[in-house]
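Participant: need a 3D model of the sequence below.
(one chain, ligands or ions: 1)
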Amino acid sequence: MPSRTSDTSDVLVVGGGIIGLVTAWRAAQRGLATAVVDPAPGGGAAQVAAGMLAAVTELHYGEETLLALNLRSARRYPEFAAELTEASGRDLGYRRCGTLAVALDADDRAHLRELHALQQRCGLESQWLSGRECRRLEPMLAPGVRGGLRVDGDHQIDPRRLAAALLAACERAGVVFHRVWAERLDVAGGRATGVTTADGTALAAGRVVLAGGSLSGRLAGVPREVLPPVRPVKGQVLRLTVPRRLAPFLSRTVRAVVRGGQVYLVPRENGELVVGATSEELGWDTTVTAGGVYELLRDAHELVPGITELPLTETRAGLRPGSPDNAPLLGPSGLDGLLLATGHHRNGVLLTPVTGDVMGQLLGDGELPQEARPFTPQRFGAVLMEQPA
Ligand code: GLY
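Facilitator: Residues are numbered from 1 along each chain as shown. Down below sits the predicted model:
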């Protein structure tokens, strides 16, 4: 279809989730004419995510390289949150409340002991507590709790507020929003030159940043050999409300592995209690299922029996942008003019500050910072995408 109009920017970000917005904000702060193309900027997985900043409690074997990036971003959070609050005039619900990971039976306890040993080998701060000590910290915990790990450095933020604040900061910094789907990447002379939108408009740009979350592997026109190997990983999440008379219900994030599945309860200062999350490889399905809700409530109830008293106010499913090694893809794509900021999987909210720093420096100075070098898309070689139906 022929293009109707043309609009030019230095940087065009495809995707207005928190990763696209932080990239756009940082680019605009560097004086680059920046635009975002997304039908509903500020939406995406951040509307579902719980917002745990869990670099230490979500440590996994074999992910030590990712740990370094996660820790760097966690350390950036206080300054980042203060700067964004100032720039947007909005509160982010950033809460340095700490996290308690508990065990309900002997298997969970063994699992948690192993996590503790791994954390210690990585030089991370966490403290082993008996069941009684756990309940002293969080009296709503089930009497059967067998022990736990206290991690005071794992905090939380409200991702919906984070997204709204990034949107406001972008608007104040002069970022232009095209509220429409990007239909295809435009390539000319072996270089990305912009995108054509669903309404046929050509948006030209010096550089295009693909930050489309789980949809990043689906943009038409991206040469197959540089298409990011990102897949959707479904997470179902519940929101409950703690009535004033029951507050404080929990004073920090409480989590556990129950029958092999993760369950976490994230208490906000405004009384919201977020319970998550399933992890399902079901393609583009975002149905909230009876089974998903049942499992989350069953496991959360084993952990904190009193949750059955609370109003259930929302059930929702979102799609994490999973990558083959669970780490993000940051930097040049292999096609001139096309950069990637995607594949953040379970850590999008945590990695928002460092992603903004990395992409800002790359777009502003042309240099990929040292901390991002292990995460260039080239580490996967030419992974051909097989998209789920
Ligand atoms: N980081 C939490 C989750 O992805 O469920």
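Participant: most proximal residue of the stretch 101-250 of the chain with respect to the ligand?
Facilitator: residue 235 (5.2 Å; CB to the nearest ligand atom). In short, each C-beta sits where N, CA and C put it, glycine included.
Participant: and the longest helix that the chain contains, what's buried?
Facilitator: Ranked by number of residues, the top helix in the chain under DSSP state H is helix 64-88. Across helix 64-88, burial judged by 16 or more other CB atoms under 10 Å covers 66-67, 69-74, 76-77, 80-81, 83-85, 87-88.
Participant: so which elements touch it?
Facilitator: Packing partners of helix 64-88 (3 or more CB pairs under 8 Å, 6 or more residues apart in numbering; DSSP states H and E): helix 159-172, helix 352-365.
Participant: want to throw the ones you listed into a markdown table with mean pLDDT, distance to the ligand and mean neighbour count?
Facilitator: Output for the helices and strands packed on helix 64-88, formatted as a markdown table (pLDDT from 0 to 100; distance: least, CB to the nearest ligand atom, whole Å; neighbours: other CB atoms under 10 Å):
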| stretch | mean pLDDT | distance to the ligand | mean neighbour count |
| --- | --- | --- | --- |
| helix 159-172 | 98 | 10 | 23 |
| helix 352-365 | 98 | 13 | 23 |
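Participant: flag every residue of this structure that's near the ligand.
Facilitator: Applying CB under 6 Å from any ligand atom, one finds that the chain approaches the ligand through 52, 58, 235, 276-277, 320, 346.
Participant: from those, pick the one nearest residue 124.
Facilitator: Proximity of the residues of the chain next to the ligand to residue 124 (CB to CB) peaks at residue 58, which lies at 11.4 Å.
Participant: list the contacts of that closest one.
Facilitator: Neighbouring residues of residue 58 by CB atoms under 8 Å, 6 or more residues apart in numbering: 52, 70, 346-347.
Participant: what do you get for residue 299?
Facilitator: Residue 299 touches 256, 258-259, 261, 263, counting by CB under 8 Å, 6+ apart.
Participant: next one: residue 255
Facilitator: 52, 57, 99-102, 262-265.
Participant: at 6 Å what do you get?
Facilitator: Residue 255 makes contacts with 101, 264, as judged by CB atoms under 6 Å, 6 or more residues apart in numbering.
Participant: for my notes, confirm it occurs in a helix.
Facilitator: No. Residue 255: not assigned to a helix; according to DSSP: H, G, I helix; E, B strand; the rest coil it is strand.
Participant: report pLDDT for it.
Facilitator: For residue 255, the model assigns a pLDDT of 97.
Participant: farthest pair within the contacts of residue 58?
Facilitator: 52 and 70 (11.4 Å).
Participant: give me phi/psi at the spatially closest residue to residue 70 that is not a sequence neighbour?
Facilitator: Residue nearest to residue 70 in three dimensions, not counting chain neighbours: residue 55, with 3.9 Å by CB to CB, 6 or more residues apart in numbering. Note on residue 55: backbone dihedrals following degrees, to the nearest 10 are phi -60, psi -40.
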